[in-house]
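Undergrad: Fold the following and give me the result.
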Amino acid sequence: MELRIAHLYPDLLNLYGDRGNIIALQRRCTWRSIGCSVTDVSIGDVFDASRYDLVFMGGGQDHEQNLLHQDLIENKGPLIRQAVEDGLVFLCICGSYQLMGRYYEEQDGSRISGIGALDLWTQAKPKRLIGDLVARSDFLARQGRDPLLVGFENHSGRTWLGSSVQPLAIVERGFGNNGEDHGEGAIYKNTYCTYAHGSFLPKNPEMTDYLIETALKRRYPDMEPLKKLDNSYENNARKYLLSCK
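TA: Next comes the predicted model:
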């Protein structure tokens, strides 16, 4: 059994330790004796969705996002949209979360097109939303998993979700998507988006295992549930963050 991961634009989208999400997926597979391969896919590289079980995109600053924008929109965009509709598992952080939507509206009113894989849009504002983020995820609770998600957010964009997209979680501390409606992140089919950096998955082992299991079950429908792991270190990090006011 092997989890096949595509890491999109790893040379450009790796803000605030987002590569740690890849490491968390690899380690939690290795500890269960599950194979895990990671393929870097950047500007000019072919993206063949059939080769992967999970696709990861991190966050980046405006300069890096502008560098990859044409390649993403013109070359990979149609393939990503189809893969999302087909139920391929995606995890997108901050800037890539915004790029998965319809558009990003800058403070002067000009719009940068997204790939339109998800019905959401983002508007830039002068004040940045910065700080620790704690949110509660109903979908994880329904899976019998720890529903608390923790991370660190730093974004000027305010993201709004269309009717077909649900929030990943409800904010208990921090700002989330826009600082107004208490939503954080987005879920559409098997695509999961969040504003949480720092890194997101190492601090949230239940979310990591959910992604691994969901991705593997698409190719191995008869697989057994993932073996439980000792999450003592991860939970200590979570407890410390939760205790900070």
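
Undergrad: and the top strand by length along the chain, what does it pack onto?
TA: In the chain, assigned by DSSP state E, the strand with the most residues is strand 120-136. Using 3 or more Cβ pairs under 8 Å, 6 or more residues apart in numbering; DSSP states H and E, the elements in contact with strand 120-136 are strand 103-105, strand 148-161, strand 169-173, helix 232-243. To be clear about C-beta, it is placed using only N, CA and C from the backbone, and glycine gets the same treatment.

Undergrad: in a helix, that's where residue 44 is, yeah?
TA: No. Per DSSP: H, G, I helix; E, B strand; the rest coil, residue 44 lies outside any helix segment and is coil.

Undergrad: Can you read off the pLDDT for the nearest residue to it once chain neighbours are set aside?
TA: Residue nearest to residue 44 in three dimensions, not counting chain neighbours: residue 71, with 6.7 Å by Cβ to Cβ, 6 or more residues apart in numbering. pLDDT, the model's per-residue confidence, is 91 for residue 71.

Undergrad: now do residue 199
TA: Residue 199 carries a pLDDT value of 89.

Undergrad: Name the SS class of it, please.
TA: Criterion first, three-state DSSP; result for residue 199: coil.

Undergrad: Quick check: it touching residue 19?
TA: Yes. The pair residue 199 and residue 19 passes the contact test of Cβ atoms under 8 Å, sitting 7.4 Å apart.

Undergrad: Now do the longest strand of the chain against strand 148-161, angle only.
TA: Put simply, strand 120-136 runs at 160 degrees to strand 148-161, going by axes from the mean of the first three to the mean of the last three Cα atoms, to 10 degrees.

Undergrad: and strand 120-136 with helix 232-243, angle?
TA: Going by the same axes, to 10 degrees, strand 120-136 makes 100 degrees with helix 232-243.

Undergrad: Quickly run through the sheet partners of strand 120-136, with directions.
TA: According to DSSP bridges, strand 120-136 forms sheet pairs with strand 103-105 (parallel), strand 148-161 (antiparallel), strand 169-173 (antiparallel).
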